[in-house]
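Chemist: What follows is a predicted structure for the sequence shown.
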Amino acid sequence: MLHLLGIRHHGPGSAKAVLKALEANPPGCLLVEAPADAEGLLKYMPPPPEQTTDAPLTPHPSPLTPPVAALIYDPKDLNRASYLPFTGFSPEWQAIRFALKNNIPVRFMDLPMELYFALEEADKQNPQAALKFFPEGKEADTAEEQQFRHDPMAYMANLAGYTDSERWWEVMFESPDNEVDIFLAIQEMTIALREGNEEQPRTLQREAFMRQTIRKAFKDGFENIAVVCGAWHVPALLGFEKIKASNDAALLKGIKKIKTTATWIPWSYDRLTFQSGYRSGVISPAWYELLFKEKKDAATHWMINVARLFREADLDASSAHVIEAIRLSETLSALRGLAIPGIDELKEAAITTICEGDAEKLELIENKLITGNKVGSVPDKIPTVPLQQDIEQSVKTARLTKYWENTEEHWLGATAASPQGGVDLREESGKMKSHLLHRLNLLNIPWGQLKELNRHQSAGGFKEFWKLKWSPDFAIRIIEMGAWGNTVEEACVRFLKKKTDDTAALPALTILVKQTLNANLPDAFDALLAKLETLAALTTDTYHLMDALPPLAQIIRYGNTRGTDVKAVEKVVAHLVPRICIGLPIAIANLDEDASKEAFDKLVAVNFSLGLLNDADFLNQWHNTLQSIAGNAHINGILTGACTRILFDKKVFTENETATKMRYALSRANAPLAAAQWLEGFLQGSGLLLLHNHPLWNLLDEWVEELGEEHFTDVLPLLRRTFSKFPQPERERMMDLAKKGPVEKQQKETEALAMERAAVVLPTVRALLGLKSLDLAAP
């Protein structure tokens, strides 16, 4: 006899109903909707331990703990990979555990990925043939008929008054405490929904393989067979004996197999949601877990979690709030005819009571509350590639952990006193952490993201600041990178040599050099430097030379922080700087405003880099170049103004020379728009120069005052953009200066006031200094 148990993947109510059905009528064989080539993974899934009164519960060593996923991939092409997630509340997971506990054979019955991958490859090679998998609706179809064909469950939900099919299914099948006969109701519903509905050929091929598996199970002597599969497939399997085996064989004939490998990997709740892109995902994994484990008190546990998370976020949440929220959610569910409060009722009640009507408060904790932060684990005995084993060992040696108490981003080394943590590169343990994270980034496994709290601290300090977040998707990347070596260091060196050969742009290569030094990979450094010297000699693009300088300057300036040898890099920089200085004035001549802004960013970066190097010869060449740019009428004002400001800051231009440059730039001989662009470049970064240099302020004040109405309207956006970048205190002081009139008059009034105030304390000062007289007017 065949028992078809149609379920919703990751449905807690479905899981409960499946267990009831299996306990009421234990099958001789269990068939589960999962790719057949993943069946070998069942041997790593231990049965639930027996709980007796005589002995305490002994957990299985390093158990396979959900959420986990079966990873099935093509070892020859890792772009072909598929994940099959399981949670503790997945009906398939509970059914398998029941079967293993009761020594019932388990078989996977879905189309194996070795065939699925081959079908996908055939579609890529013949796109026109693949179009038949997505037939268009008939022109005569109404909007209602098109919706029905596209998503029958959504159509049913609309008939029941729901706008969300997931919410409808939860209310009807997951929240109620359904008995075994619910599967008959689901069967009748899906039969009606599929009647006359044209299926995609891929679904038909999958169902043909499922029927073949059922026939084989009966042929092997099993008389009582239970099938746990998606509800939509039930009608296709119900009358399997009425469909000729030859018809199913014809659907699967001629498909070339692609050899696959399968393994278990840890999964996380945030990867089970619809938002993650998982087609069979759920809205709230954390809520579904509560429904499965604590159905009667699910609302109570949910509200307690709200209060706990609020308190962790330093928000008020009293016991009275929680009690009222629980009562309100139960009242809402009763008014709406629900068996228990759903996620919508719980959120409404929490916002009304605990959040006091402020929905934004709930948004602060919504991810932890709705999605959850649970992560599964995989036994060490499951075979993995050597690189995976070395990563695991390196993580332990560096005293790191892949998974913390949650799957959100967190600062490495964070404490209450230092929320952003930090890795001290002067300590061996700090270097080990830094090297490992940099190496994994080079292998395209971005577990850690290096953050710059500010440019100077991150580049020159002895600390690195990392934000960590491990993703289950890294499993396939580790397998992919395992082809480059059995250890992290070996894989990095070989992969870097390949990237070095493929890199033809000088800026990209300099970044690679910096990453290699940070990762402490001396075996890859020689090849990189040789390529760097060659590219530096052949590159004629001034912009490329400018982009290459900042990473190299940081290597030279801060290389000793990580104990790296920078002599070879110094030779490359010695060739770059003169060529930048020679080529820059020509490269930036006659540029429009947008191109000039791009050049401005590069110019500022080079200026900062040369400041880091602090080489007198480099600075002399650079300042000469800036002087030639500052006086070049063919270069946009943003650049000439910026060069003038740099030269003034470096005391190459005196105050009088700078005032003369500004007076010329703002004179009537120049168009107001050009003058505004010069001013934008000159004032980039800070307005303190105007506040402390009154002649420059007066020049600007006079220029603005002389602008006609038409010209003022033209330059206003530029001026507003320039001054909006200044800090608020600077803008307020400038406003005060503009209100008080010319600075010279204000100075004279201030000096007169100062003399009056000084006369009051003059006798005391004279006595302290032992002087008979003290002339304040003396120079």
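Modeler: Here it is on my side, so go on.
Chemist: Look at Phe726 and say how many residues are nearby.
Modeler: When neighbours are defined as other C-beta atoms under 10 Å, Phe726 has 19 of them. For every residue, glycine as well, the C-beta is placed using N, CA and C.
Chemist: residue ranges of the helices in the stretch 101-250 of the chain, please?
Modeler: Assigned by DSSP state H, counting those that start in this stretch, the stretch 101-250 of the chain shows helices spanning 113-125, 127-130, 143-150, 152-159, 165-169, 182-194, 201-219, 234-238, 245-252.
Chemist: how much space is there between the nearest residue to Thr415 once chain neighbours are set aside and Ile555?
Modeler: For Thr415, ignoring the flanking residues on the chain, the nearest one in space by C-beta to C-beta, 6 or more residues apart in numbering is Gly421 at 6.8 Å. To Ile555, Gly421 is 25 Å away according to C-beta to C-beta, to the nearest Å.
Chemist: now Cys581: how far from Ala616?
Modeler: 14 Å.
Chemist: The helix or strand hosting Lys20 to helix 182-194, inter-axis angle?
Modeler: Assessed by DSSP states H and E, Lys20 sits inside helix 12-24. Interaxial angle of helix 12-24 relative to helix 182-194 (axes from the mean of the first three to the mean of the last three C-alpha atoms, to 10 degrees): 120 degrees.
Chemist: ok, back up a step: who has more neighbours, Gly421 and Ile555?
Modeler: Under the criterion of other C-beta under 10 Å, the comparison of Gly421 against Ile555 puts Ile555 first, with 23 against 17.
Chemist: can you pull the contacts of the nearest residue to Gln420 once chain neighbours are set aside?
Modeler: Distances taken as C-beta to C-beta, 6+ apart put Trp411 closest to Gln420, at 4.9 Å, once the chain neighbours are dropped. Taking C-beta atoms under 8 Å, 6 or more residues apart in numbering, we find Trp411 in contact with Pro419, Gln420, Gly421, Phe465, Trp466, Lys467, Leu468.
Chemist: Next, the fifth one: phi, psi?
Modeler: Here the main-chain torsion angles of Trp466 (degrees, to the nearest 10) amount to phi -120, psi 140.
Chemist: Out of the helices of the stretch 101-250 of the chain, which is closest to Glu92?
Modeler: helix 201-219 (13.8 Å; C-beta to C-beta).
Chemist: picking up where we left off before, the helices of the stretch 101-250 of the chain: lowest mean pLDDT?
Modeler: Here the lowest mean pLDDT among these goes to helix 127-130, at a mean of 55.
Chemist: Give me the buried stretch members for the helix or strand harbouring Glu324, please.
Modeler: Counting by DSSP H and E, the element that carries Glu324 is helix 319-335. Buried residues in helix 319-335, counted by 16 or more other C-beta atoms under 10 Å: His321, Val322, Glu324, Ala325, Ile326, Leu328, Ser329, Glu330, Leu332, Ser333.
Chemist: What mean pLDDT does the helix or strand just after it get?
Modeler: Scanning forward in sequence from helix 319-335 by DSSP H and E, the next helix or strand is helix 343-352. The pLDDT scores in helix 343-352 average 91.
Chemist: just checking, what packs against helix 343-352?
Modeler: helix 298-312, helix 319-335, helix 359-366 (3 or more C-beta pairs under 8 Å, 6 or more residues apart in numbering; DSSP states H and E).
Chemist: got any ranges where the chain has weak pLDDT?
Modeler: Where the chain drops to pLDDT under 70, the residues are 48-62, 127-149, 274-277, 403-408, 416-417, 453-461, 559-565, 685-686, 741-755, 772-779.
Chemist: 50 instead, please
Modeler: 51-61, 130-140, 404-406, 456-458, 560, 745-751, 777-779 (pLDDT under 50).
Chemist: hmm, back to that, and Ala605, which of the helices and strands packed on helix 343-352 is closest to it?
Modeler: So among these, helix 359-366 is nearest, using C-beta to C-beta, at 37.6 Å.
Chemist: so how far is the closest one from its chain's centroid?
Modeler: 20 Å (C-alpha atoms, centre = their mean, to the nearest Å).
Chemist: which residues touch it?
Modeler: Under C-beta under 8 Å, 6+ apart, the answer for helix 359-366 is Val306, Leu309, Phe310, Ala313, Leu315, Lys347, Ala350, Ile351, Ile354, Cys355, Leu369.
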